[in-house]
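J.: Pasting a predicted model and its sequence here:
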Amino acid sequence: MYMPQITLAESTPTITSITNSINSVNDTVTITGQGLNFSSTLPGYGPDNPSQNTLYCNGTNMWEKIISWTDTSIQFTFGSTSFFTNGNKASCYISFQGFYAPGESSDTNYNSNSVEVTLIPACTAWTYTDWSTCSESGQQTRSVLTSSPTSCTGGSPVLTQSCNYIPPESPDAQGSFDLIIPTGRDQGVLHNDKIKIDYYGSDIITEVYLDTTKVTLGVEQFSIISSLVNHQVVYFYPPTNSTSGDLTVHMTSGKTKNVGYLEIFEDTPSTVTPTTTPTTTETETDNSPTVTTANDTDGDGVPNDSDYYPNTKSQMIVKNYSFNYKMLGDSHGQEVNFTIEIPKDLYLFYQNQNHTFSDGYQNITSFITEDDIVIKSIIDQVNTLYEEKGLNPIALIYQLSGEIIWTDDVFSIQGWDEYPKYPIETLVDGLGDCEDTVFLLAALFKAYGIEPVLVRFDNHLGLATVVDQDILDLIIYKYGKDFMATANSQLTNAKLIYFETTGNTNWDFAFMPEELQNKSYTVHAIGEYERTTGTL
């Protein structure tokens, strides 16, 4: 930009700066300096007669264009383009006329300075970059590449506009995805079929959708193969009344993958192939359930309004648990077999229930289902073993829950496993972590008539029972009457006896693992039982 050349007089007034560019002829031009109001120092001039100070531009008196004039500043506007040479520069000089010099009869131009002011034209045309991608707010933007006339400013370039936002497609997840459906099908699957997705890759499956319907997801296997590869098997049952559609998985990375088309039929399958676990066997039969009520027409333990097939006999999942009977850690060498028949519709019912803990674990006892027909059938077998073979019911129940193989769930919230299971699910899977085995043991104890409470540590769940005569008898059996004589006061004060349930172990009766003994805990009562505190 042009900087004006200002020549200062040898005597006052002096000019130190001037606005050398403006965008409009009506913009203010400011001249600063010292002694600019020179005439004010002479008798008869100054503020009382300011017209003695006159500003000329190209020979034109600018008096009417002056906004203010002080000793240190002069402000004025051009108000017209006629002052500008070639439309872009104005050359002006400042003249101070103050008096008639002695012996002279005309005004004297005491001092003058030449200045140039550039008028910057407003832009009238632009070239632009390409429009940006449409944002979620429905707007896209661009920026100016060039504008004209040369060296122009201002104007009204169009830099934003409305657009139609189209959400981008999620990138495909990487890895190997295999859709596994029950074998023996001519085509399609049933609503009560267990569908699996076998995945190898660096990500983790978090959700599964059948078209737009989210399905309830279980985790059958999760293992870290290497620093780059995980192996994950998830399973689900098609939601009630769902139809055929695309099966899509969502990953922790935000990526998705269509793993195939799932065709669903309501017809009876031509064949059924049972699945197995390492410690139990599973078969499916057409046995009829033993209990029928008005709200449960087929007697499978599922209310009609929540049953996939309320008027049809449910297939039965048969689980066989076998172990050598032990009485509080002492082996008796007697083999015990539990055959547990679980209606598949009941298993599906629990698969579609809530599987998360509420804030403060207010719903933690809702996972204990002592009134379930399967739990009651197990207690019937416990009582039979007691009556026929004299095996202790509490020891049988405790040992059966210990046959559940411990496994960690895939995800975690606040130190807890994300997917707490109901007792029926734990029995079918044969796998579970601390809360899964606690819920199973608590349901069995309550169904037998022993009052349990849940003992929640910061990252673990255990179970305790109220000290009653059956419990005291077991302690006498284990430690003898002499022990009772010295420990009775401690037991009376304790009131609650702890049971460790972490699966497939040989925990002793009433023994708390050492790493838990000095930790704080919270006791959750079950049902109407009022005692919520106590010493373990």
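T.: Here it is on my side, so go on. Keep in mind that this is a model prediction, so the values were computed, not measured. Numbering: from 1, shown residues only.

J.: Any idea how many residues pack against residue 360?
T.: Neighbourhood size, residue 360 [other CB atoms under 10 Å]: 8. Where C-beta positions appear, they are placed from N, C-alpha and C, glycine not excepted.

J.: swap in residue 65?
T.: Residue 65 has 18 neighbours, counted by other CB under 10 Å.

J.: those helices in the chain, which residues are they?
T.: 344-351, 373-389, 393-402, 423-429, 434-448, 469-479, 481-494 (DSSP state H).

J.: And the ones you listed, which one averages the lowest pLDDT?
T.: Note on the helices of the chain: lowest mean pLDDT is at helix 481-494, with a mean of 60.

J.: What separation do you get for residue 469 and residue 387?
T.: Between residue 469 and residue 387 the computed distance is 19 Å (CB to CB, to the nearest Å).

J.: which of the two has more neighbours?
T.: A direct count of neighbours by other CB under 10 Å for residue 469 and residue 387 places residue 387 higher, at 10 against 7.

J.: rewinding a little: now the helices of the chain in TSV, with distance to residue 122?
T.: Below are these laid out as TSV (distance: least, CB to CB, whole Å):
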stretch	distance to residue 122
helix 344-351	71
helix 373-389	85
helix 393-402	85
helix 423-429	75
helix 434-448	73
helix 469-479	94
helix 481-494	91
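
J.: These: which one's closest to residue 299?
T.: Minimum separation from residue 299 across the helices of the chain (CB to CB) falls at helix 373-389, 8.0 Å.

J.: Report the distance from the closest one to the chain centre.
T.: From the chain centre to the centre of helix 373-389 is a distance of 45 Å (CA atoms, centre = their mean, to the nearest Å).

J.: Next, the angle from that helix to helix 434-448.
T.: Relative orientation of helix 373-389 and helix 434-448, computed by axes from the mean of the first three to the mean of the last three CA atoms, to 10 degrees: 60 degrees.

J.: buried stuff in helix 373-389?
T.: Within helix 373-389, the residues that qualify as buried by neighbour count (16 or more other CB atoms under 10 Å) are 373, 374, 375, 376, 377, 378, 379, 381, 382, 385.

J.: what does stretch 345-364 give?
T.: 345, 346, 347, 348, 349, 350, 351, 355, 357, 364.

J.: ok so, going back, between the buried residues of helix 373-389, which is nearest residue 427?
T.: Nearest member of these to residue 427, counting by CB to CB, is residue 374, at 7.1 Å.

J.: that older thread, of the helices of the chain, which is nearest residue 141?
T.: Closest among the helices of the chain, once you apply CB to CB, is helix 344-351, at 49.3 Å.

J.: Identify all contacting residues around the closest one.
T.: The contact list for helix 344-351, computed with CB atoms under 8 Å, 6 or more residues apart in numbering, reads 192, 216, 218, 236-237, 284, 298, 300-302, 306-309, 314-317, 369, 372-374, 421-422, 424-425, 428.

J.: next one: stretch 74-86
T.: 22, 25-31, 36, 55, 57-58, 60, 62, 65-69, 87, 90-92, 94, 117, 119.

J.: Which of the residues you listed are buried? Put it as a ChimeraX command.
T.: Per 16+ other CB under 10 Å, the buried members of the contacts of stretch 74-86 correspond to this ChimeraX selection:
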select :22,25,29,31,36,55,57,62,65,66,69,90,92,94,117,119
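
J.: Mark which of the contacts of stretch 74-86 are part of strands, please.
T.: Among these, DSSP state E puts 22, 29-31, 55, 57, 60, 66-69, 90-92, 94, 117, 119 in strands.

J.: what bridges to residue 93?
T.: Assessed by DSSP bridges, residue 93 has beta-bridge partners residue 56, residue 114.

J.: For burial, what's the neighbour tally of it?
T.: Neighbours of residue 93 (other CB under 10 Å): 16.

J.: for stretch 163-175, which positions count as buried?
T.: Under the neighbour-count criterion of 16+ other CB under 10 Å, stretch 163-175 has 163, 173, 175 buried.

J.: Inside strands: which ones of these?
T.: Those of those lying in strands (DSSP E): none at all.

J.: ok, of those, which one's closest to residue 205?
T.: Residue 205 lies nearest to residue 173 out of the buried residues of stretch 163-175, by CB to CB, at 8.6 Å.

J.: show me what contacts that closest one?
T.: By CB under 8 Å, 6+ apart, the residues touching residue 173 are 201, 203, 249, 251, 253, 255, 256, 257.

J.: In strands, which of these fall?
T.: 201, 249, 251, 256, 257.
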